[in-house]
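structure, please.
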Amino acid sequence: MSARTAEPELDRSLAAFDRVIFDAAPSVQDLASLDPTSQRGDRFLLYRELVRSRLRDLVATALPRVTAVLGRGAMDREVDARLSRVAPRTRFFREVVAEIVDPSAPGLANEAHPELDDLARLELAQWRAMWVESSSPAASDFDFAARPIVSPTMQRLTLAWSVHLVDQPLSAGSFQVFVYRRRDHVVETRWMSEALAAILERWIEGDLSAIDGVRTAMASQGREPTPEIVDAMSGLLAELLERGGMLGSHM
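Modelled structure (predicted):
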């Protein structure tokens, strides 16, 4: 058999293997093509269950509160259904969760629990903050006249439900939340005002000096930086610099 002939056969086998693992129900034809001796494909059915079971466990680990609300059985069925629609393509196991549960549109909310999409987005951000690379350009001490460097682990969420407030009654609103990994590797979730969120968002963009970022953020809201906002910003900045949410300024 020539290499030219072998390559299409390998491609067909890989495609059949992919379908056996991720299709809602493996076809008899695919199982037979992978295991012609038995034609039942018992080994591949076992491997299918091992893969899918591991992915169910991963999603339940990454989204513990969502899983608790839905129930583990319902969450497992949701994962299976999503795997059947779109198979993961990332090479990195840690990133599979976001391919199974798209953070831009989780699609988990229901009439009884309209907060589930927000909760999923929050837990996905917290999961990402645990492993995302935190290296950055060389930084100097923070200087308002220079461009700020924010931790690459930092992510902003605007939530319609107060899912960031654990063990408190759920309420609707508009909540500005930031998630990042601290220097001590603890993932922290911060809730702040619209004004502070707008400032921090401009600093994350990193294209303006810190002071120009403040001015731009305030102008976008049609307001001036009042003494109260300046005091709150100074307190937030001090905490983030100490804990690793802010890394300093570009040299």
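
residue 117: what's it in contact with?
Listed by Cβ atoms under 8 Å, 6 or more residues apart in numbering, the contact partners of residue 117 are 105-109. For glycine as for every other residue, the C-beta is placed from the backbone atoms N, C-alpha and C.

then residue 192?
Residues near residue 192 by Cβ under 8 Å, 6+ apart: 176-178, 200, 232, 236.

the longest strand in this protein is where?
Using DSSP state E to assign secondary structure, the strand with the most residues in the chain is strand 172-181.

which residues does that one contact?
Looking at strand 172-181 with Cβ under 8 Å, 6+ apart, the contacting residues turn out to be 122, 125-126, 128-130, 132, 134, 151, 153-162, 164, 187-194, 196-197, 200, 244-245.

ok, stretch 230-243 next?
The set of residues that contact stretch 230-243 without belonging to it, under Cβ under 8 Å, 6+ apart, is 142, 182-184, 188, 190, 192-193, 195-196, 199-200, 214, 225, 245-246, 248.

once you drop chain neighbours, what's closest to the spatially most central residue of the chain?
If you average the C-alpha coordinates of the chain and look for the closest C-alpha using Cα atoms, centre = their mean, you land on residue 124, 3.5 Å from that point. Excluding the flanking residues, the one nearest residue 124 by Cβ to Cβ, 6 or more residues apart in numbering is residue 103, at 4.3 Å.

so which residues of this structure form helices?
Defined through DSSP state H, the helices belonging to the chain, from first to last, are 3-22, 28-34, 42-62, 64-70, 72-85, 96-100, 116-131, 194-205, 210-220, 227-243.

in JSON lines, list those helices along with mean pLDDT and distance to residue 138.
What follows is these, written out as JSON lines (pLDDT from 0 to 100; distance: least, Cβ to Cβ, whole Å):
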{"stretch": "helix 3-22", "mean pLDDT": "74", "distance to residue 138": "43"}
{"stretch": "helix 28-34", "mean pLDDT": "86", "distance to residue 138": "52"}
{"stretch": "helix 42-62", "mean pLDDT": "93", "distance to residue 138": "33"}
{"stretch": "helix 64-70", "mean pLDDT": "98", "distance to residue 138": "37"}
{"stretch": "helix 72-85", "mean pLDDT": "96", "distance to residue 138": "41"}
{"stretch": "helix 96-100", "mean pLDDT": "96", "distance to residue 138": "30"}
{"stretch": "helix 116-131", "mean pLDDT": "98", "distance to residue 138": "23"}
{"stretch": "helix 194-205", "mean pLDDT": "96", "distance to residue 138": "18"}
{"stretch": "helix 210-220", "mean pLDDT": "95", "distance to residue 138": "17"}
{"stretch": "helix 227-243", "mean pLDDT": "95", "distance to residue 138": "16"}
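
deepest of those helices, which one?
Counting by mean count of other Cβ atoms under 10 Å, helix 116-131 has the highest mean neighbour count of the helices of the chain, with a mean of 22.

residue 70 reaches residue 109, doesn't it?
No. At 10.7 Å, residue 70 and residue 109 do not qualify as touching, with contact defined as Cβ atoms under 8 Å.

now for those two: what residues contact both?
Shared contacts of residue 70 and residue 109, defined by Cβ under 8 Å, 6+ apart, comprise residue 116.

quick one: contacts for residue 201?
The contact partners of residue 201, taken as Cβ under 8 Å, 6+ apart, are 156, 217.

from residue 150, how far off is it?
Counting by Cβ to Cβ, to the nearest Å, the gap between residue 201 and residue 150 amounts to 10 Å.

again with residue 73
In this view, residue 73 and residue 150 are 40 Å apart by Cβ to Cβ.

cool, and residue 179?
Using Cβ to Cβ, we find residue 179 at a distance of 12 Å from residue 150.
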